[in-house]
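K.L.:
the sequence and its predicted three-dimensional model are supplied below.
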Amino acid sequence: MRCGTWRTGLGGMKAAWAAVSIVMGVLAVGAVVKRNVVGAAPEDPKLNANESAHHVLVRLAFGPRPGEYKTVAKEGWQKWVESQLDPASIDDSKLDERITKECPSVRRTLSELEGLSRESDRDTERESRDRIKNELRKAVLLRAVHSERQLQEVIVDFWRNHFNVDVNKVPYLATHYEENVLRTHAFGKFDDLLMATARHPAMLVYLDNYVSNRNGLNENYARELMELHSLGVDNGYKQQDVINLAKVLTGWTCGWRPAENASAGNETEYKFFFNEGAHDPTPVTVVGLDIGGQGGIADGEAAIRHLALHNNTSRFIAAKLCRYLVRDNPDPAFVERVSSVFRKTEGDLKAVYRAIILDPEFMKSSNFRCKVRTPFEFIVSALRMTDARIESPDRIFRELQLMGQPLYECLEPTGYSDAQEAWLDPGVMVYRWNFSIELVTGKVKGVSGGMEFVEPILKAPADSRPRKVMEMLLPGVTDPKLEKLLTFTPDPRAITAFALGSPSFQQQ
Amino acid sequence: MKSTRRELLQQAGLGVLAAGAASQWNLSRAAAPIAKGPTPTLVAVYLRGGADTLSAVVPYSDKDYPRHRPTIAMQATGGASATAVHPLDDTWAFNPNMKDLHSMYEAGLVAPIVAAGSPHDTRSHFDAQDFMERGAPGQKNVMTGWLNRYLTETKTSKDANLRAVSLQPLLPRSLRGSYPVLARPDQKADQAMAVYSQLYLQQQQQSGRANRPKPGAASSTRAAVEEFGARTIEQLYELNAILEQPAPQGIRYPESGFGRALRDVAKLVKAKRGLEVTGVDIGGWDHHIDEGPATGQMGRKLKDVSESIAAFAQDLGPEQLKHTLILVMSEFGRTVKENDNRGTDHGHGGFMLAIGGMIREKKVYGKWTGLADDQLYQRRDVPVTTDFRAVFAEAIKRLFQFDPFEENRMFPGYDAEMYAEGELNYLRDPA
């Protein structure tokens, strides 16, 4: 019935449709021919300067802001990368001020945050829990869209999934974890990062280690620590290692304790602590390392450092980063080069990122646009590239939920996958299409400024508008097929919606 | 909403495309039956939150039952009719709100299964749901749903577009995995599909699915995106064409989310488009406070479940019901004793309901050891005497006539021998 109404009064448009179809037929033939040529080419050429600029801005950033691409293409991508590898050197004070103002809870201490959970009135507690959760998620979103330190945001998102916690299982704690664990250590040493996650109440609660004790062993965290956080699944540990590591980590817990600097009204503080009484001191071996069983907390620390610097960990982390930044199935020799840097530098993460980005593999044309944007990457890129401003994030949270990637709410300790097959579900494409249409027509509540991109395009003559839209959304990319299709209307918003929802824009 | 979206599109100049795409589709053809014989259909209904088994399938004559539940127990006779249960046999009764399901039980269409659940001891909603919906208790490395594994194992190139569908936007975990199951978006889709169909559908049809570039290249990524976009459009046009048909007269589904979902499932089944597997979630079973099994919150939910399922059965009719199985389940049961807030906390053993025309015998299934304290699991919960995998495996075996234990890929860690030991025999083979 709905289809019937489209037809009414639009019969004259059939000719336009037919014309588009014919053009497409021609283009499809061309595409097949081109594909065969590529398939036959033995060498894997490097990307040209324009493509390289595009590549770094979609892989090491969530897409370029208007104008950013031109700068990078002109000055060379290496310069941009060097500055991004040193996030602290990039001024982001405007955003920081905004976050302090609009998401004040991200600056709070653990005790201040966890204290809110002690509210005895259920409604009040629920309200503050929702507020804290949404301030955290807003901060994540604002930083991804508006931060100048784009590589940092891309990398923090990687660790956010690698060391996943679900905000609904650890409300309040997740906020402190994001700020003081993930963001603090993302460009530091891997063993410090791993240790910081192990000692944080958010992880201890999320994976149940806080209740594990000598009389009731909970293996959950010990298993994930090896399987997901360090060695990789079935990669050099056995069930006995899981049990042994769980024993070593008994007593690693959290709660309210007497404050170190107690003052009136602040006699206690919420924190990580080692509970000697719950600890199992039996001497054990964890993945080849003998743990003496006398050192209390030192035993656990030794086990974690051992895992952090294990050869299998270097390969697992290197491979996962290469998948995230380069391609779903990275070349094993490339992974090996990166993991050797991990080992040589004892897990210096900045050196590892540099090794990936500066490796010849990174700029190979076969890696160009071979990944699919996750829902998060799709939405953030669309907002950045159309120069949108987020005023209120609720609608974006909802979109991410609809697309299957609700922010900070991944139930599984694996975090969200960034592989193609995880996101290509039938049905989900509808949300990307609707979002594309609504974004360019100003219907996404809480997002403003996205219309400004229309002005410069409108100034251009009608027949060069598709080119302008391509330069905005797919700068440096040659896609004559799409560009031709964009000529169906002179309306810049329609052209933009069409391009945002196209297969081309789902690639990066 | 509808016209707003259309105006919006036309305002944006996209109406041109919408017009073109509509003429591509002949909706009456899209809704015509394709299945020749009857297709067996499994409807997995998940009560999220841990439904209180003792308030649904009530051990009304157990002497310990009123002692454990001084304020929320229900009676067989006496008292107001609102709190009088519907006896199934000398031990068991359905909740007062499950009158319709009780009639269906009398007609031999319902198999209540008691003390069913997971051999794993978790009382976490998330872990318990994962373990159950993945059919792999305690195995965190199994990431796919048990129903998706069935679909994957039996996949052919001729699978119907609508072989597996979720009418809710979030796929139940039992349906997640490598087999592409359509999750119906909860946004209007036709206009967007019309706009983008030329970028996805036609292009993809023209380049041809067989002629695939080598994996990992940009062109292959693009082909994959095109394929999924195209599949979305094909499936949704077909689905929407069916769901837009008017509901049958004279069948009264409750005006609830679950009622509407089953009404839509019935339309799909009756359209004979090859629907084999679908899942429906009902949330809100975590009754720690004021459980209200008779006239309160849980009572209202059970009434909805009972009346919706009865309407569904009536809608399908006896012939179709012979090939349809509804499995109702929850992640765990709740504590045997009520707590200080007239509610119950997370427990262990629960109940399941199997409903359809293939139920073997009119009886309550599952081994029951009573509610004496020393019979309880950890002295607090209903024990598990039937592994939920026994129920799942029998459904796969008898409804779909597929051996789930061949190569043991359906239920890792659970083999034919374990199944044989605990086989319930609640289903007949199809006529």
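P.N.:
On my side now, so go ahead. Residues are numbered from 1 along each chain as shown, chains lettered A, B, ... in the order given.
K.L.:
what residue in the stretch 51-200 of chain A comes nearest to chain B?
P.N.:
residue A:169 (7.5 Å; CB to the nearest CB). (Each C-beta comes from the backbone N, C-alpha and C, glycine too.)
K.L.:
helix or strand for that residue, which one?
P.N.:
Using DSSP states H and E, no element contains residue A:169; it sits outside every helix and strand.
K.L.:
please name the nearest non-neighbouring residue to it.
P.N.:
residue A:206 (5.4 Å; CB to CB, 6 or more residues apart in numbering or on different chains).
K.L.:
mind listing what's buried along stretch B:95-113?
P.N.:
The neighbour-count check on stretch B:95-113 (16 or more other CB atoms under 10 Å in any protein chain shown) flags B:95-98, B:100-102, B:104-105, B:109-113 as buried.
K.L.:
picking that back up, got a list of what the residue nearest to residue A:169 touches?
P.N.:
Going by CB atoms under 8 Å, 6 or more residues apart in numbering or on different chains, residue A:206 touches A:165-166, A:169-170, A:413.
K.L.:
out of those, who's the most crowded?
P.N.:
If you count neighbours using other CB atoms under 10 Å in any protein chain shown, the busiest of these is residue A:165, which has 25 neighbours.
K.L.:
that one and residue A:300, how far apart?
P.N.:
19 Å (CB to CB, to the nearest Å).
K.L.:
which parts of the chain are strands?
P.N.:
Since no chain was named, I'll use chain A. Shown for chain A, the strands assigned by DSSP state E span residues A:252-263, A:266-274, A:284-286, A:289-291, A:389-390, A:447-448.
K.L.:
was after chain B, sorry
P.N.:
Counting by DSSP E, the strands of chain B are B:41-47, B:57-58, B:86-87, B:93-94, B:110-117, B:164-166, B:182-183, B:277-282, B:324-330, B:350-356, B:386-387.
K.L.:
a markdown table for the ones you listed, including distance to chain A?
P.N.:
A markdown table is the format used below for these (distance: least, CB to the nearest CB, whole Å):
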| stretch | distance to chain A |
| --- | --- |
| strand B:41-47 | 15 |
| strand B:57-58 | 29 |
| strand B:86-87 | 35 |
| strand B:93-94 | 32 |
| strand B:110-117 | 20 |
| strand B:164-166 | 8 |
| strand B:182-183 | 4 |
| strand B:277-282 | 13 |
| strand B:324-330 | 17 |
| strand B:350-356 | 21 |
| strand B:386-387 | 22 |
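K.L.:
just to revisit the earlier point, wait, which of the strands of chain A is closest to residue A:95?
P.N.:
Comparing the strands of chain A by their distance to residue A:95 (CB to CB), the top pick is strand A:389-390, with 11.3 Å.
K.L.:
chain center to that closest one: distance?
P.N.:
19 Å (CA atoms, centre = their mean, to the nearest Å).
K.L.:
name the helices or strands packed onto it?
P.N.:
helix A:122-146, strand A:447-448 (3 or more CB pairs under 8 Å, 6 or more residues apart in numbering or on different chains; DSSP states H and E).
K.L.:
worst mean pLDDT among those?
P.N.:
Lowest mean pLDDT of the helices and strands packed on strand A:389-390: strand A:447-448, a mean of 88.
K.L.:
parallel or antiparallel, list what pairs with it.
P.N.:
strand A:389-390 (antiparallel) (DSSP bridges).
K.L.:
follow-up on the earlier one: Serialize the helices and strands packed on strand A:389-390 to TSV and add fields for distance to residue B:60 and mean neighbour count.
P.N.:
Listed next are the helices and strands packed on strand A:389-390 as TSV, based on distance: least, CB to CB, whole Å; neighbours: other CB atoms under 10 Å in any protein chain shown:
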stretch	distance to residue B:60	mean neighbour count
helix A:122-146	33	18
strand A:447-448	57	18
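K.L.:
any chance of the ones you listed in JSON lines, plus distance to residue A:96?
P.N.:
Output for the helices and strands packed on strand A:389-390, formatted as JSON lines (distance: least, CB to CB, whole Å):
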{"stretch": "helix A:122-146", "distance to residue A:96": "9"}
{"stretch": "strand A:447-448", "distance to residue A:96": "21"}
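K.L.:
between the ones you listed, which gets nearest to residue B:343?
P.N.:
Comparing the helices and strands packed on strand A:389-390 under CB to CB, the one sitting nearest is helix A:122-146, at 13.6 Å.
K.L.:
which strands or helices does that closest one pack on?
P.N.:
helix A:93-102, helix A:150-162, helix A:173-177, helix A:375-385, strand A:389-390, helix A:394-402.
K.L.:
looking at those, which is nearest to residue B:413?
P.N.:
helix A:150-162 (27.4 Å).
K.L.:
now that closest one - C-alpha only, CSV.
P.N.:
Extracted in CSV, the C-alpha atoms of helix A:150-162 (Å, rounded to 0.1, in the frame of the first residue of the first chain):
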residue,chain,number,x,y,z
GLN,A,150,42.2,11.5,16.6
LEU,A,151,44.8,8.7,16.8
GLN,A,152,44.5,8.6,20.5
GLU,A,153,40.7,8.2,20.2
VAL,A,154,41.1,5.4,17.7
ILE,A,155,43.6,3.7,19.9
VAL,A,156,41.6,4.1,23.1
ASP,A,157,38.6,2.6,21.3
PHE,A,158,40.8,-0.5,20.5
TRP,A,159,41.7,-0.9,24.2
ARG,A,160,38.2,-0.2,25.3
ASN,A,161,37.1,-3.3,23.4
HIS,A,162,40.2,-5.3,24.3
